[in-house]
Structures are given as structure tokens and as C-alpha cells.
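Novice: sequence unknown, structure follows:
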């Protein structure tokens, strides 16, 4: 059985990569689970140097906040997360990191208040999926599911919302519910290689489609005047 599932996975990947003359223009995300994992902590000095060159870059401040968070310098971490939100009020990873910081420091009331505020502010399905994914990366599964469920309510035909719900149920080790969500996502968008792979891991055979390559544009031809 395990060999069979592995063969399915290889078959799906083969369908996606075979016969593509320009694979670089069609990147394949091999593993959806990477999307709900935090990136490695970076070097503080390097980040400080980058911030000096690009001070208004919200993501750099968020990443520096993670450095301070790991070192236990919570005040500095909170400062950098909040600065990230000054430059980008919808920086979902900074929002989730702040909530996690408040939870870990025992300020549960403020954490819960900000969860509600951030979810209300997110608005549309795309933003809710982004915020939910950020909560998911912080292992805050219930706020993540609230976001995913709201995204489905506001856009029932959004395949990304069902995919993220599938990942949520995997985190809960509920493989039956995960399979149902991944299958719904794949039904709405059969071009998702990462969802096809997740279904293969769960024992479901699917054939992921390959999006057609855009038609080549004719080269510009300049009129050549002969004397």
C-alpha cells in the first residue's frame, strides 16, 4: 500500500513536469505544508544593515522582531512587530506574531481582543486566508480556523480556503476531514500540484492538470528600408 501511494505521488509529479519546455516559467510548489511553517530565524546584524538601507520595509522589521523574540527580548520584539504594522497595517505575520507574543506573556485578554480586531479588519476572503495562514504558522490553530471558515463563507468557490482548511485538519491529525477539504479544493482548481500531492499522501489518486503555456508572442519586426 505504501509503495502504491508513493508511486501515485511520483506519477502526479511526473504529470506536472514532463513535457514542459520552459519549466522555469512554471514553478511547482511540491509541498503545501511548507506554507504553514515559519522561516528560519535570520542574522540580527544582517537585518539591521538591510533596515538601514530600506527603513520602511515592513517585512524586515517583522523578521528582526522574530530575532528579538527568540532571544527573549520581548519589548524589542513587540516594538519591531508594531513598527512593521506602521509601514504595512495588513502585515499578517506581524499581526499573528504580536498576538502570539501577548499570549506567551500571559496577556490573554489583549491577545483575544486583537485576534477579533485583526479578523474584522481583514475583510475579504483573500486577506482572511493570509491572516489565517499567519496564525497557522504560529501554531495558533483556532484563530487560523476562524479565518479559514470565514473565507469559505465569504467566497465558497475559493480553492485556497479549502486547501488551508485541509492543512488545518492535518495539524489536528484528522485525516478524513483533511481529505474532504483537499478534495473540495482540487475540485475547484485541478491545477494545484501541492493539493494533488497531499491527496496522494492521503491515499487518493488524482491527476493534476498542467496549465497551458501562453502562446509565444511574435518578435518585433522592424521595417528595413533598402536604398
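Specialist: Received, thanks. Quick caveat, the model's predicted, so the values are computed rather than measured.

Novice: Residue 167: neighbour count?
Specialist: Residues near residue 167, counting by other C-beta atoms under 10 Å, number 25. All C-beta atoms are positioned from the backbone trio N, CA, C, and that covers glycine.

Novice: isn't it right next to residue 33, touching?
Specialist: Yes. With contacts counted by C-beta atoms under 8 Å, residue 167 reaches residue 33, the gap being 6.6 Å.

Novice: Quick check: what element follows the helix or strand harbouring residue 115 along the chain?
Specialist: For residue 115, the host element (DSSP states H and E) is helix 108-122. Proceeding N to C from helix 108-122, the next assigned helix or strand is helix 125-137, under DSSP H and E.

Novice: so what's the residue positioned nearest the centre of the chain closest to, chain neighbours aside?
Specialist: Most central in the chain under C-alpha atoms, centre = their mean is residue 35, positioned 4.1 Å from the mean C-alpha point. Leaving aside its chain neighbours, residue 35 sits nearest to residue 133 (6.4 Å; criterion: C-beta to C-beta, 6 or more residues apart in numbering).

Novice: Equivalent analysis for residue 143, please.
Specialist: Closest to residue 143 by C-beta to C-beta, 6+ apart is residue 135, at 4.3 Å.

Novice: how far away is the one you found from residue 141?
Specialist: 8 Å (C-beta to C-beta, to the nearest Å).

Novice: more neighbours, the two?
Specialist: residue 135 (29 against 16).

Novice: wait, the more buried one sits on residue 144?
Specialist: Yes. Using C-beta under 8 Å, residue 135 makes contact with residue 144 at a distance of 4.0 Å.

Novice: what ranges of the protein fall below the confidence cut-off?
Specialist: Applying pLDDT under 70 to the chain flags the ranges 1-30, 210-227.

Novice: the helices in it, which residues?
Specialist: For the chain, the helices defined by DSSP state H cover 2-17, 44-53, 58-71, 74-87, 92-104, 108-122, 125-137, 141-154, 159-171, 175-188, 193-201.

Novice: quick one: which of those is nearest residue 207?
Specialist: helix 2-17 (6.3 Å; C-beta to C-beta).

Novice: Any idea how many residues pack against the closest residue to residue 87 other than its chain neighbours?
Specialist: Nearest residue to residue 87, sequence neighbours excluded (C-beta to C-beta, 6+ apart): residue 58, at 3.9 Å. When counting by other C-beta under 10 Å, one arrives at 19 neighbours for residue 58.

Novice: Against residue 145, how distant is residue 58?
Specialist: Residue 58 is 26 Å from residue 145, by C-beta to C-beta.

Novice: and what of residue 179?
Specialist: 17 Å.

Novice: Please apply the same query to residue 59.
Specialist: 25 Å.
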